[in-house]
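S.K.: Dropping the sequence and predicted coords here.
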Amino acid sequence: MARDLSSPERPLLLAGVMIAALSVLVGCGDGETVVTATRTPTPTPVSQEEAVKHAYAAALENGKRALLGPADQVRVVLRESHTGEELDQLVRDVIKTQEEHRAPTGRLVPHVGKVELRGTEAIVYDCLDLGSYGFKDTRTGEQLPRRGPVRAGYKVWMRQGGDGRWRISRLRGHEESCS
């Protein structure tokens, strides 16, 4: 059964449905937020399936980085890990979340059950652990009440670009991924 991702929780579930390749440092000065991302050394994936899993995990963290960065950089950041209509929708969701003064806390933990490879396309089946992920109010710093499931199943389509990088091209709820 497909989960409706048009709810207010879409940014929570998608923003993260973006871990290992990026570290984020957020600092404040004179009311301005500075986001610096550095690539951390990661082992070279040993197979295409591992490369897809690695790109998917990195995309989760990339969504959080986009939420924490300036609105005018959201598309630039997300273009690293998303493509097509999924990129366009996620940009809108992230900007809306920022306008609502919400920032992510915690982390999303992927539990990839299976990867189907078909040339330059892949489908990832994930039971995403949302247990420690949430949002805080950026004006007050107060943690917002948690809504939604602790685990959520997803079917994620990924496409390998001409640059060899895997990017999320489509994402849908997929409860069977958590069974």
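M.R.: In hand now; what should we look at?

S.K.: Let me see the contact set for residue 53.
M.R.: 45, 110, 112, 115, 124 (C-beta atoms under 8 Å, 6 or more residues apart in numbering). No exception for glycine: its C-beta is placed from N, CA and C like everyone else's.

S.K.: State the distance from residue 109 to residue 154.
M.R.: 13 Å (C-beta to C-beta, to the nearest Å).

S.K.: and the two most separated of the contacts of residue 53?
M.R.: 45 and 110 (14.8 Å; C-beta to C-beta).

S.K.: what about the two, which has more around it?
M.R.: residue 110 (20 against 14; other C-beta atoms under 10 Å).

S.K.: hang on, isn't the more buried one packed against residue 126?
M.R.: Yes: counting by C-beta atoms under 8 Å, residue 126 is a contact partner of residue 110 at 5.2 Å.

S.K.: Give me the common contacts of these two.
M.R.: Shared contacts of residue 110 and residue 126 (C-beta under 8 Å, 6+ apart): residue 56.

S.K.: so which strand or helix has residue 124?
M.R.: Using DSSP states H and E, the element containing residue 124 is strand 121-129.

S.K.: I'd like to know the average pLDDT value across the helix or strand following that strand.
M.R.: Next helix or strand after strand 121-129 toward the C-terminus (DSSP H and E): strand 134-137. Averaging pLDDT along strand 134-137 yields 94.

S.K.: Centre of the chain to strand 134-137, how far?
M.R.: Distance, stretch centre to chain centre, for strand 134-137: 16 Å (C-alpha atoms, centre = their mean, to the nearest Å).

S.K.: lowest-pLDDT helix or strand in the chain?
M.R.: strand 22-29 (a mean of 26; mean pLDDT, DSSP states H and E).

S.K.: ranges for the helices of this protein?
M.R.: Along the chain, counting by DSSP state H, helices occupy 10-16, 48-68, 74-78, 84-99.

S.K.: other SSEs contacting the shortest one?
M.R.: Right, helix 74-78. Contacts defined by 3 or more C-beta pairs under 8 Å, 6 or more residues apart in numbering; DSSP states H and E place helix 74-78 against helix 48-68, helix 84-99.

S.K.: Which positions in the first one come out as buried?
M.R.: The reference is to helix 48-68. Buried residues in helix 48-68, counted by 16 or more other C-beta atoms under 10 Å: 49, 51-68.
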